[in-house]
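> Generate coordinates for the sequence data below:
(4 chains)
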There are 2 protein chains.
Amino acid sequence: MKGSDDQLNRLYRAIGDTTRRRIIDELALRDRQSLFEIYARVLSEHGINHSRQAFSRHLSVLEEVGIIEVEWEGNTKLHSLNKTPLTDSLSGWIEKFKEQK
Amino acid sequence: MKGSDDQLNRLYRAIGDTTRRRIIDELALRDRQSLFEIYARVLSEHGINHSRQAFSRHLSVLEEVGIIEVEWEGNTKLHSLNKTPLTDSLSGWIEKFKEQK
DNA sequence: TGCCAATGCAACAATATTGTTGCATAATTA
DNA sequence: TAATTATGCAACAATATTGTTGCATTGGCA
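Below is the predicted model of the structure:
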């Protein structure tokens, strides 16, 4: 149980950040985006003013917990959304409380 | 939107901690428990070995985000679970991704 | 009143997280 | 080959989080 607890911790913390939720929202609209694309879009559409490196870190966090999946095309890293951790692992724990009503 | 983002951040981070999820699980079984009761139960049923103060802090975090509601009886503070933030605010953002399928 | 039980608050240390800058690497392209 | 593009990695600073210990406060009870 320890392992799944750790994974849950990482998952919840991963989405407990505005910038990362904006990144996820952006990827939900359009898959296979590069770091720079995501960076530019999230920057312009929401007033999030961080460096490219900061975004790189955020993407890594999301990749580590499996929310983002990656694919290389030349020297461009394309990021896509994997909703499974969000819809399965994540809401799983919360769902309990809904069922209990 | 800034405010609700901050609230979401706090909510997700609040439950992104094993001890706090165990506390919530414990309160889901039985409402109106004091700090010491929760402390003793979570400690014995799960091997979480922290001080009373650590638990006090965790309870504060949960209270701040509205997951725990409080009621004083003499000098005993009774904690109860309020599932609303979990079922509404929280799953709200995640729910989007389910609907998009 | 005097003591005990249940909490809260403050200070401190140890870590973890977040963001920046600078430099390195690897694929493209002129 | 040389310049450009897209990234990654490392070091550092600023904050935030987590946990501990010690002391203070407040209500209930002998």
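
> Residue numbers of chain A in contact with DNA strand C?
A:13, A:17, A:19, A:49-51, A:53-54, A:57-58, A:61, A:73-75 (C-beta under 7 Å from any atom of the strand). For the C-beta atoms, the positions are set from N, CA and C on the backbone; glycine is no exception.

> Show me which pair in those is furthest apart.
A:Arg13 and A:Gly74 (32.5 Å; C-beta to C-beta).

> quick revisit: of the residues of chain A next to DNA strand C, list those near DNA strand D.
A:Gln53, A:Asn75.

> So which bits of chain A are right by chain B?
A:5-6, A:8-13, A:15-18, A:21, A:28, A:83, A:86-87, A:90-91, A:93-98, A:100 (C-beta under 8 Å from any C-beta of the partner chain).

> Give me the buried subset of those residues.
Among the residues of chain A next to chain B, those buried by neighbour count (16 or more other C-beta atoms under 10 Å in any protein chain shown) are A:5, A:8-9, A:11-13, A:15-18, A:21, A:83, A:86-87, A:90-91, A:93-94, A:97.

> Give me the neighbour count for the closest residue to DNA strand C within chain A.
Per C-beta to the nearest atom of the strand, A:Gly74 is where chain A lies closest to DNA strand C, at 2.4 Å. Neighbour count for A:Gly74, taken as other C-beta atoms under 10 Å in any protein chain shown: 6.

> now A:Leu29
11.

> how far away is it from A:Ile38?
11 Å (C-beta to C-beta, to the nearest Å).

> Extract the residue ranges of chain A that are flagged as low pLDDT.
Across chain A, residues meeting the criterion (pLDDT under 70) sit at A:1-2, A:90, A:99-101.

> please redo it, this time with the cut-off set to 50
Applying pLDDT under 50 to chain A picks out residues A:101.

> Go ahead and flag the most central residue of it.
Per C-alpha atoms, centre = their mean, the C-alpha nearest to the average position across chain A is that of A:Leu62, at 4.0 Å.
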